[in-house]
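# Below are the sequence and a predicted model for it; my questions follow.
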Amino acid sequence: MSWPSANLLAQSALSGLFVGSLYGLIGLGLGLSWGLLRTINLAHFGFVFGGAYIAYQINASTGIDPLLTLAVIVPLFFAAGMALHAVITRFNVSALNTLLVTFGLTAIIEATIQAVWSADFRRLEWRHGDVKFKLGELFVPLPELITLFVALAATFALWGVLRGTDLGKAMRAAAQDAPIAAAFGVDQQRLSMLLAGTCAALAGVAGVCLSLSFTLAPSQIYAWVGVVFAAVMMGGLGSPVGPLVAGIIIGVSEALTMAITAPSWAPIVSFTLLILLLLVRPGRL
Amino acid sequence: MNPRVVLVLLAGAGVLALEPLLGLPAFYESILYLVLHWIILATSWNILSGYSGYFSFGHGAYFGTGVYTSAVLTAKFDWPFLATLPVAAGLAALLGVALGAVVFRVRSVRGELFALLTLAVTFVLATVVLNTPIDGGPGIYLSGVPIPKIAPTQPGTFYLLALAGATAALVIAYAVQYSRLGVGLFAIHDDEDAAEVMGVPTFRYKLIALAISCALAGLAGGIHALFISYVTTAEVFSISVPLTVVLMSVLGGTRHWAGPAVGATVITGLLYAFTKGDLALAGKATTGAVLIASILFMPDGIVPRLLRQRRPRVAATGSPAAAVPHAAAVPGAAPHATTAGTPGDVLLHARNVARSFYGVQALSGVDVQVRRGEILGLLGPNGSGKSTLINVISGHYPATAGAVQFEGREIAQLPAHRIARSGIARTYQIPRPFVHLSVRDNVAAAAMFGSAALPAAQARREAGHWLAFAGLAAKADALPDELNLHQRKFLELARALAARPRLVLLDEVLCGLNPAEIDEAVALVRRIRDAGTTVVFVEHVMRAVMALADRIVVLNHGLLLAEGAPAEVMRRPEVMSAYLGTGAGLTPPLENPAHAAPG
């Protein structure tokens, strides 16, 4: 093991920042759904890849810019999220069982993706995909930079809504104690539908960002599960800002571990952090 | 536990063991091997996770420990294959115990947090195995390892090994379900804190269940390593192992020892049906759909659903009046027969007991003595610390400071289950029955784990007596959800008494009852005391306090305000002003006996 140069370390930390912001963006909807709706939505990862493949397909067949596909993807996934939530409330599924139901849904999404796009790797060829800015000695690729901005924008928009508006306060109240909130006139049904739709739409947005800088394969769906869950739990369930902060911490420490040791050691960082946090400060979650 | 079930299981296994003699094509044995392999894994998962409700997603870690133990020992150290299996099981159990010893101490790591923590452990373990000489990256080839010839063919050998493992797993799962351990685990599933306070050694039971679960998973892993003959971390520690066993168990039913085996057979068969031909994708999607449908429409699983259809639940009808406690004598031997003492001496002495919650002082140094054979009323306005005192004495939460002596032994620092075992039982103000256990089993569990510590069969008989005593005999086979509030309160009482405590702490058992019911309850409490159990009760219903209490203790703002004979204490000005506010001392609460004290 040789100590890498300062420049390499800085470049690693930067790429960790970018991938961490994607962890945070994926984790944003997952954590809100878990914390405020008590739905542990594994299908969130299926939605992310569904969004990525749809962006890929639209771009491949029409040449439309992937960022413009958001106009289709956001309403589509908003509806999908509401439909899933309607089923879960209709059958009154417990929190743990939502994990299993949405795992079943993920398996169906995975099979569907594989049937349509095959198990091979697919890559969205974006015409600005190779644009890089130079920041001193460091390279900043455009797709990753966009991801970072989208993650920041989505996180702070949601933070603002949940903190500052009556709508957000009503949502948090309903999550804490639904019957009492209902007694104060909060329409919990409608709010949770709205929130479930938002979470799924965020998955679609994260999917478009993912498609800009990662190759896609159906089996990759599960590769993101562990690390994003770690980010969500470290960041705090139902917190809009937590997943992004934790995601970036994980991303940077992973990237540095890879640079200093070997890439195969990377998973140990996030999960060891998670285990320690769970044991030392469980009340935080 | 019924030995005939075990005999039937063993006989079934004996018949199945003849299969290799039939000379069927080897691929049948491989299919059957996979079914049995998943039966071991799913059944082992269920022993901790299904019974106690601690859903683990770490089964890949225990399974993987078994796989790599056998792989490394056979490939790198030339051990004979069969000799590696006990080591595989042992190391997996050791890993589980080490993990549990840490995780089970952290109170809030339950439910989904436990599930994800165990999953994280799997990923950490996989990374370590991948990056160290245990694997090192390329995987381990085992095709050169000699396989002993137990059956005529090699697939037959694996089939027989898996059959032995599956039989062992099923017998163990059955034995655990109907043992003291099983009852304790089911109680933990429904309300872990109440189980601990009732006398279930929750930490130890979870650890034992985890060790059994891990050992069986490690055994399955050890066999499987040689069956697949090439092991890689990506395959072994994948998320599909825990998800598949959870799916199988939930599908079959997690509250029955046979549920996971049924689920494993269905899912393996389903996957096989689709891998024949080019339908793997459809198989994956169908498995997903089956999972969704089974949870939405059969959240309890196949086996409980079938059993329920065969034996319909006891009709939840019956007139509400039927539940009035009848005047039976207190059943069983005198509860305090084991440790005789002189009536009137000090049974329990709480010295300077304090308890604070995040800086709020709920009890700030209270000194209370309870004398053997008395009925002591614990009074005070809301928030005065009465329930906190009960909670501290029963070990529900530890005291921040102070000492509690029971029969001369210091109990303040003991875990709650040891306090229960030493002869203290309690009821909760808001009843906390184990919602998935029948009314009878709720009471039987208390008889098994409280100071009575009866064996299972005797505890069930004992439960019948106490249910009759509390007027719940007609509801013995109902679930607690089918009871009304009054009946649930009496279930609490029956549960506390079935433990045969020498001291019983009653936390507002009368609250919410109507006057006729209160009269019944007052008579009941008297009979409890007459049978030799000392009673401490928290109550707002003044009429009952005056009728029952030999002595009362009044708390206010976490401090002792007064102590003495009921009529005398309630007339003291400081007591009246604590209850009614200053200046309202004209009407002592006694003179309006039908009403609860305000507050």
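Thanks, I have it.

# which of the residues in stretch A:91-104 are buried?
A:93, A:96-104 (16 or more other Cβ atoms under 10 Å in any protein chain shown). (C-beta placed from N, C-alpha, C; glycine too.)

# quick check, that stretch touching chain B?
Yes - for stretch A:91-104 and chain B, the contact criterion (Cβ under 8 Å from any Cβ of the partner chain) is met by A:91, A:93-97, A:99-101, A:103-104.

# before we move on, the earlier item: which one of the buried residues of stretch A:91-104 is nearest A:A203?
Nearest to A:A203 among the buried residues of stretch A:91-104: A:T102, at 11.6 Å, using Cβ to Cβ.

# Which elements pack onto the helix or strand harbouring that closest one?
Assigned by DSSP states H and E, A:T102 belongs to helix A:95-117. Applying 3 or more Cβ pairs under 8 Å, 6 or more residues apart in numbering or on different chains; DSSP states H and E, we find helix A:95-117 packed against helix A:43-62, helix A:70-90, helix B:111-131, helix B:240-252, helix B:280-297.

# To B:G359, which of the ones you listed lies closest?
Using Cβ to Cβ as the measure, helix B:111-131 is the one of the helices and strands packed on helix A:95-117 that comes nearest B:G359, at 25.9 Å.

# Output the closest one as PDB, nothing but the C-alphas.
What follows is helix B:111-131, C-alpha atoms only, in PDB (Å, rounded to 0.1, in the frame of the first residue of the first chain):
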ATOM      1  CA  GLY B 111     -37.700  -4.000  14.200                       C
ATOM      2  CA  GLU B 112     -36.300  -2.600  10.900                       C
ATOM      3  CA  LEU B 113     -33.200  -1.200  12.600                       C
ATOM      4  CA  PHE B 114     -32.200  -4.700  13.700                       C
ATOM      5  CA  ALA B 115     -32.900  -6.000  10.200                       C
ATOM      6  CA  LEU B 116     -30.700  -3.400   8.500                       C
ATOM      7  CA  LEU B 117     -27.900  -3.700  11.100                       C
ATOM      8  CA  THR B 118     -27.700  -7.400  10.500                       C
ATOM      9  CA  LEU B 119     -27.700  -6.800   6.800                       C
ATOM     10  CA  ALA B 120     -24.800  -4.300   7.200                       C
ATOM     11  CA  VAL B 121     -22.900  -7.000   9.200                       C
ATOM     12  CA  THR B 122     -23.300  -9.300   6.200                       C
ATOM     13  CA  PHE B 123     -21.700  -6.700   3.800                       C
ATOM     14  CA  VAL B 124     -18.800  -6.000   6.300                       C
ATOM     15  CA  LEU B 125     -18.100  -9.700   6.600                       C
ATOM     16  CA  ALA B 126     -18.200 -10.200   2.800                       C
ATOM     17  CA  THR B 127     -15.700  -7.400   2.400                       C
ATOM     18  CA  VAL B 128     -13.400  -8.800   4.900                       C
ATOM     19  CA  VAL B 129     -13.600 -12.300   3.400                       C
ATOM     20  CA  LEU B 130     -13.000 -10.900  -0.100                       C
ATOM     21  CA  ASN B 131     -10.000  -8.900   0.900                       C
END
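
# thinking B:A453 is in contact with B:S422, fair?
No - at 10.9 Å, B:A453 and B:S422 do not qualify as touching, with contact defined as Cβ atoms under 8 Å.

# show me the contacts for the residue lying closest to A:G104 once chain neighbours are set aside.
Spatial nearest neighbour of A:G104, chain neighbours left out: B:L291 (3.5 Å); criterion: Cβ to Cβ, 6 or more residues apart in numbering or on different chains. Listed by Cβ atoms under 8 Å, 6 or more residues apart in numbering or on different chains, the contact partners of B:L291 are A:100-101, A:103-104, A:107, B:247, B:250-251.

# give me the low-pLDDT residue ranges for chain B?
B:109, B:276-279, B:309-341, B:580-599 (pLDDT under 70).

# Give the burial count for the nearest residue to B:L170 once chain neighbours are set aside, as a bare number.
Nearest non-adjacent residue to B:L170, counting by Cβ to Cβ, 6+ apart: B:L9, 5.6 Å away. B:L9 has 18 neighbours, counted by other Cβ atoms under 10 Å in any protein chain shown.

# likewise A:G136?
Residues contacting A:G136 under the criterion other Cβ under 10 Å number 7.

# And the residue nearest to B:L170, how far from B:G377?
Distance, B:L9 to B:G377, by Cβ to Cβ, to the nearest Å: 55 Å.

# now do B:A412
Taking Cβ to Cβ, one finds B:A412 at 23 Å from B:G377.

# what does A:L99 give?
Counting by Cβ to Cβ, the gap from A:L99 to B:G377 is 48 Å.

# how big is the angle separating the lengthiest helix in chain A from helix A:70-90?
Looking across chain A with DSSP state H, the single longest helix is helix A:6-37. Using axes from the mean of the first three to the mean of the last three Cα atoms, to 10 degrees, the direction of helix A:6-37 lies 40 degrees away from that of helix A:70-90.

# What's the mean pLDDT across helix A:6-37?
Averaged across helix A:6-37, the pLDDT comes to 92.

# Next, the angle helix B:111-131 makes with it.
150 degrees.

# Might you calculate how far helix A:6-37 sits from the centre of the chain?
For helix A:6-37, the separation from the chain centroid amounts to 8 Å (computed by Cα atoms, centre = their mean, to the nearest Å).

# Just name whatever secondary elements it is in contact with.
Where contact means 3+ Cβ pairs under 8 Å, 6+ apart, helix A:6-37 is packed against helix A:43-62, strand A:138-141, helix A:142-164, helix A:166-176, helix A:188-213, helix A:225-235, helix A:242-260.

# Can you check which of these gets nearest to B:R372?
Minimum separation from B:R372 across the helices and strands packed on helix A:6-37 (Cβ to Cβ) falls at helix A:166-176, 46.1 Å.

# got a list of what residue 127 touches?
Just going to use chain A. A:D65 are the contacts of A:R127 under Cβ under 8 Å, 6+ apart.

# Actually, chain B is the one I wanted.
By Cβ under 8 Å, 6+ apart, B:T127 lies in contact with A:264-268, A:271.

# Among those, which one has the most neighbours?
Neighbour-wise, the contacts of B:T127 (other Cβ under 10 Å) top out at A:F271, 25 neighbours.

# shouldn't it be in contact with A:G226?
Yes - if you go by Cβ under 8 Å, A:F271 and A:G226 touch, sitting 6.8 Å apart.

# and for those two, which residues touch both?
Common contact partners of A:F271 and A:G226 (Cβ under 8 Å, 6+ apart): B:120, B:123.

# picking up where we left off before, so can I have a markdown table of the helices and strands packed on helix A:95-117 showing distance to A:L216?
Shown next, in a markdown table, are the helices and strands packed on helix A:95-117 (distance: least, Cβ to Cβ, whole Å):
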| stretch | distance to A:L216 |
| --- | --- |
| helix A:43-62 | 5 |
| helix A:70-90 | 14 |
| helix B:111-131 | 22 |
| helix B:240-252 | 20 |
| helix B:280-297 | 17 |
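
# returning to that earlier point: which stretch among the helices and strands packed on helix A:6-37 comes nearest A:F121?
That would be helix A:43-62 among the helices and strands packed on helix A:6-37, by Cβ to Cβ, at 11.1 Å.

# For the closest one, name the packing helices and strands.
For helix A:43-62, the packing partners by 3+ Cβ pairs under 8 Å, 6+ apart are helix A:6-37, helix A:70-90, helix A:95-117, helix A:188-213.

# between those, which one is nearest to A:L277?
With Cβ to Cβ as the criterion, A:L277 lies closest to helix A:6-37 of these, at 14.5 Å.

# Now the residue nearest the centre of chain B. Nearest residue, chain neighbours left out?
In chain B, the centroid-proximal residue (Cα atoms, centre = their mean) is B:I188; its distance is 1.9 Å. Nearest in space to B:I188, with sequence neighbours left out and distances taken as Cβ to Cβ, 6+ apart, is B:S52 at 4.6 Å.

# what number of residues lie near the one you found?
27.

# The one 10 residues further on now?
Under the neighbour criterion other Cβ under 10 Å, B:Y62 is assigned a count of 37.

# Torsion angles phi and psi at A:K134?
When quoted as degrees, to the nearest 10, the phi and psi of A:K134 stand at phi -110, psi 130.
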